[in-house]
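*Asks:* Sequence isn't available, so here's the structure alone:
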């Protein structure tokens, strides 16, 4: 997800479009990306966080979370 201080133009466009189609009550939208990885159980959480921060996300402008299902 973009960090809160990063302008989210796509999220702003969605927020404006909601009003145009008659949906009220949504004051803001943030748009991000989502990855699903199938990994071996031997890969630990530290490795997954390192992978996310160095390969999948741009840590300068994005925050990320890692969730195991």
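*Replies:* Nice, I can see it. Just so we're clear, the structure is a prediction, and the values are computed from it rather than from any experiment. Numbering: from 1, shown residues only.
*Asks:* Let me know how buried the residue nearest to residue 35 when sequence neighbours are not counted is, in neighbour terms.
*Replies:* In this structure, residue 35 finds its nearest non-sequential neighbour in residue 56, 5.5 Å apart by C-beta to C-beta, 6 or more residues apart in numbering. In this view, the C-beta of every residue, glycine as well, is placed from N, C-alpha and C. By the measure other C-beta atoms under 10 Å, the count of residues near residue 56 is 14.
*Asks:* Likewise for residue 6?
*Replies:* Neighbours of residue 6 under the rule other C-beta under 10 Å: 14.
*Asks:* Look at it and report its pLDDT.
*Replies:* At residue 6, the model reports a pLDDT of 95.
*Asks:* Identify the residues contacting it.
*Replies:* 61, 62 (C-beta atoms under 8 Å, 6 or more residues apart in numbering).
*Asks:* one step back: doesn't residue 36 make contact with the residue nearest to residue 35?
*Replies:* No. Look at residue 56 against residue 36 with C-beta atoms under 8 Å: they stay out of range, at 11.0 Å.
*Asks:* hey, where'd the helices end up in this structure?
*Replies:* 9-20, 45-51 (DSSP state H).
*Asks:* which residues sit against stretch 39-49?
*Replies:* 37, 66, 68.
*Asks:* So which bits of that stretch are buried?
*Replies:* residue 48 (16 or more other C-beta atoms under 10 Å).
*Asks:* Identify the residues contacting the residue nearest to residue 28 when sequence neighbours are not counted.
*Replies:* Distances taken as C-beta to C-beta, 6+ apart place residue 15 nearest to residue 28, at 5.9 Å, with adjacent residues excluded. The contact partners of residue 15, taken as C-beta under 8 Å, 6+ apart, are 26, 27, 28, 29.
*Asks:* All set, thanks.
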